[in-house]
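Trainee: please work out how this folds:
(chains A and B)
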Amino acid sequence: MGKLVALTGNIAVATAMKQINPDVCAAYPITPATQVMEQFSEYVADGLVDTELIATESEHSAMSACIGAAAAGGRVMTSTSSQGLALMWEMLYIAAGMRFPITLACVNRALSAPINIHGDHSDSMGARDSGWIQIYAENAQEAYDNQIQTVRIAEHMDVRLPVMSCMDGFITSHAIDSLELLDDKTVRDFVGEYKATYPLLDVEHPVTYGALDLQDYFMEHKRAQAEAMKNSRKVILDVAREYKKISGRGFEYFEEYYMDDAEIAIVILSSAAGTVKVVVDAMRAKGEKVGLLRPRIFRPFPYAELADALSNVKAVAVMDRADSTGAEGGPLFMEFKSALYNNKKQPLMINKIFGLGGRDLMLPDIEMVYRELRDTKNTGKIRTISEYITVRGEEAAYGKA
Amino acid sequence: MKKKGWKELPIGGLILEAANTKNYATGDWRTFRPVIDLDKCTNCMRCWIFCPDSAVCLVEGKVNHFDYEHCKGCGICAVECPDNVKAIAMIEEAKAKEGK
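Mentor: Here you go, the predicted model:
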């Protein structure tokens, strides 16, 4: 049993970083991720870590410095949110394409405009095709646990890809939560020593990074990158199982909450799952067969396993904390629909866009979704495929109990 | 050079060998090729100095021929060849090939 403490999600992540003791951290402050590096810079100033901390002039530069440090041969970490992640955009693809195992704590926040500092998933969902592995945490405990695991996943020789570990801005990042910490030695033994491949600082063996790659070889390099992402599926499972052995905690690809005999279910990422669980408990107490599926891994998307988890459910509501305007639903919904297309058993599926810019998702809002799912299951008819909920200007179809 | 499949390539587009551009044949970029008349050439070496692709080849210290595997046909050699010599002509690549 580790030490039980009360920390914000940000400080929980900074603590994990302290225990990992990376070689280089390059970052630029942005709400709500600021506290991660602010806290970590105290560890640097106090001599508790050996990390070279680089305060850059922008997030574009922060990720560029991370890439340079990773090429040099260092274990590298950073943290950002929202516009910061957006400013890193081109460098995100470069980090992935150059196969650097950089890890990033992404504290999810809405993207402008209109300007907003609160939590939604538009930032990381926008980066879903950048080639980064993405892990989503429900609470501070999981954010801490995931942060430690990201290093092992990223650095595995079958993977060598950057990993983004996400938690909800403010709800998780700034609320004080109770969590259990591992001791420093356990974390250091778990992450192990980093062995860089072809470090630039190995002057005896010079190599060229970032050479022009045209029609003749670009596709072969992309194919190899796709294979690394495929390989990460097994590595993510192995690392999660090994972490469970040392901590007694954690999930693999996803968490199932009363899914065994569930007839209707909600699929939702991150902190909102905690609220859904409260509703599930109350409805289960009344004998209703409701369930919750919370994906932990979004990239690589565990399509076969997630489709299997939903195959006995009659009606599902996938709830997205981000929209992809012009598409038929949010990014999570599209993944699930795609995952189920080749399944023999397919539940009726609806999509709800919620919580944009940190809009609260309350218990009655979730009850409303379950009411609609119950109706959808009973009638076999979908009223509307995708819609916004908890938004003013239109009456919610299932608003009244 | 046989092109490698994706499983055989170094990670992340790395090039593990130093100074390997000599293995990259750029001669097929050429539209015009330089042809030298050695009877006119005075061995002033200007073409050898100015060639950006090190494609002017010497034999026993004297200008002898061009490396058509790497010459991109930029024509700098023909321009730099002194006005009173003009030993290098730029010939259309297609015509030069027909002539063979």
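
Trainee: for stretch B:73-82, buried residues please.
Mentor: Residues of stretch B:73-82 classed as buried by neighbour count (16 or more other CB atoms under 10 Å in any protein chain shown): B:73-78, B:81. Backbone N, C-alpha and C define where each C-beta goes, glycine included.

Trainee: export those residues as a markdown table, with columns for secondary structure, pLDDT and distance to B:G13.
Mentor: Shown next, in a markdown table, are the buried residues of stretch B:73-82 (DSSP: H, G, I helix; E, B strand; the rest coil; pLDDT from 0 to 100; distance: CB to CB, whole Å):
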| residue | secondary structure | pLDDT | distance to B:G13 |
| --- | --- | --- | --- |
| B:G73 | coil | 96 | 28 |
| B:C74 | coil | 96 | 27 |
| B:G75 | coil | 97 | 32 |
| B:I76 | helix | 98 | 31 |
| B:C77 | helix | 98 | 33 |
| B:A78 | helix | 98 | 36 |
| B:C81 | coil | 98 | 40 |
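
Trainee: so which of those residues would you say is closest to A:K18?
Mentor: Each of those was scored against A:K18 by CB to CB, and B:C74 proved nearest at 56.6 Å.

Trainee: neighbours of the residue lying closest to the closest one once chain neighbours are set aside, how many?
Mentor: Closest residue in space to B:C74, ignoring its immediate chain neighbours: B:P52 at 6.7 Å, by CB to CB, 6 or more residues apart in numbering or on different chains. Other residues near B:P52 come to 10 when the count uses other CB atoms under 10 Å in any protein chain shown.

Trainee: backbone dihedrals for B:P52, both of them.
Mentor: As for B:P52, its main-chain torsions (degrees, to the nearest 10) stand at phi -70, psi -10.

Trainee: if I look at it, how far off is B:F66?
Mentor: B:P52 is 13 Å from B:F66, where distance means CB to CB, to the nearest Å.

Trainee: swap in B:L58?
Mentor: Using CB to CB, one gets 11 Å for the distance from B:L58 to B:F66.

Trainee: with B:E92 instead?
Mentor: Applying CB to CB, the value for B:E92 to B:F66 is 15 Å.

Trainee: those two - which one has more neighbours?
Mentor: More crowded of B:E92 and B:F66, by other CB under 10 Å: B:F66, with 22 against 13.

Trainee: low-confidence stretches in chain B?
Mentor: By pLDDT under 70, the low-scoring segments of chain B are B:1, B:100.

Trainee: longest helix anywhere in chain A?
Mentor: Identified as the longest helix of chain A according to DSSP state H is helix A:218-247.

Trainee: how about it: buried residues?
Mentor: Those buried within helix A:218-247 under the rule 16+ other CB under 10 Å are A:220-221, A:224-225, A:228-229, A:231-233, A:235-236, A:239-240, A:243, A:247.

Trainee: just checking, what packs against that helix?
Mentor: Applying 3 or more CB pairs under 8 Å, 6 or more residues apart in numbering or on different chains; DSSP states H and E, one finds that helix A:218-247 makes contact with helix A:89-97, strand A:133-136, helix A:140-155, helix A:184-191.

Trainee: tell me the contacts of residue 34?
Mentor: If you meant another chain, say so; for now it's chain A. If you count contacts by CB atoms under 8 Å, 6 or more residues apart in numbering or on different chains, A:T34 has them with A:N10.

Trainee: hm, I was asking about chain B
Mentor: Counting by CB under 8 Å, 6+ apart, B:P34 touches B:47, B:66, B:71, B:73, B:75, B:77-78, B:88-91.

Trainee: picking that back up, figure out which of the helices and strands packed on helix A:218-247 is closest to chain B.
Mentor: helix A:89-97 (6.7 Å; CB to the nearest CB).

Trainee: how many other residues sit next to A:L306?
Mentor: So A:L306, with other CB under 10 Å, has 20 neighbours.

Trainee: on the three-state scheme, it is what?
Mentor: At A:L306, secondary structure determined by DSSP: H, G, I helix; E, B strand; the rest coil is helix.

Trainee: so the closest residue to it other than its chain neighbours, which state does it fall into?
Mentor: Spatial nearest neighbour of A:L306, excluding adjacent residues (CB to CB, 6+ apart): A:A339 at 5.5 Å. Following three-state DSSP, the label given to A:A339 is helix.

Trainee: relative to chain B, how far out is A:A339?
Mentor: As judged by CB to the nearest CB, to the nearest Å, A:A339 and chain B stand 26 Å apart.

Trainee: likewise for A:C25?
Mentor: To chain B, A:C25 is 22 Å away according to CB to the nearest CB.

Trainee: and what of A:S64?
Mentor: For A:S64, the distance to chain B equals 16 Å [CB to the nearest CB].

Trainee: need the contact list for that residue.
Mentor: A:S64 neighbours (CB under 8 Å, 6+ apart): A:56, A:91.

Trainee: which secondary structure element contains the residue nearest the centre of chain B?
Mentor: Central residue of chain B (CA atoms, centre = their mean): B:C71, 2.1 Å from the mean position. Taking DSSP states H and E as the definition, B:C71 sits outside all helices and strands.

Trainee: and whichever residue of the stretch 301-401 of chain A sits closest to chain B, what does it touch?
Mentor: Minimum separation of the stretch 301-401 of chain A from chain B (CB to the nearest CB) falls at A:F301, amounting to 22.0 Å. A:F301 is in contact with A:335, A:339, counting by CB under 8 Å, 6+ apart.

Trainee: so is it in a helix, a strand, or just coil?
Mentor: Following three-state DSSP, we place A:F301 in the coil state.

Trainee: what's downstream of the longest helix of chain A, the next helix or strand?
Mentor: Assigned by DSSP H and E, the successor of helix A:218-247 is strand A:254-257.

Trainee: which residues sit against the next helix or strand after that following strand?
Mentor: Proceeding N to C from strand A:254-257, the next assigned helix or strand is strand A:264-267, under DSSP H and E. The contact list for strand A:264-267, computed with CB under 8 Å, 6+ apart, reads A:259, A:276, A:289-295, A:310, A:313-319, A:332, A:336, A:347, A:366, A:369-370, A:373-374, A:376-377.
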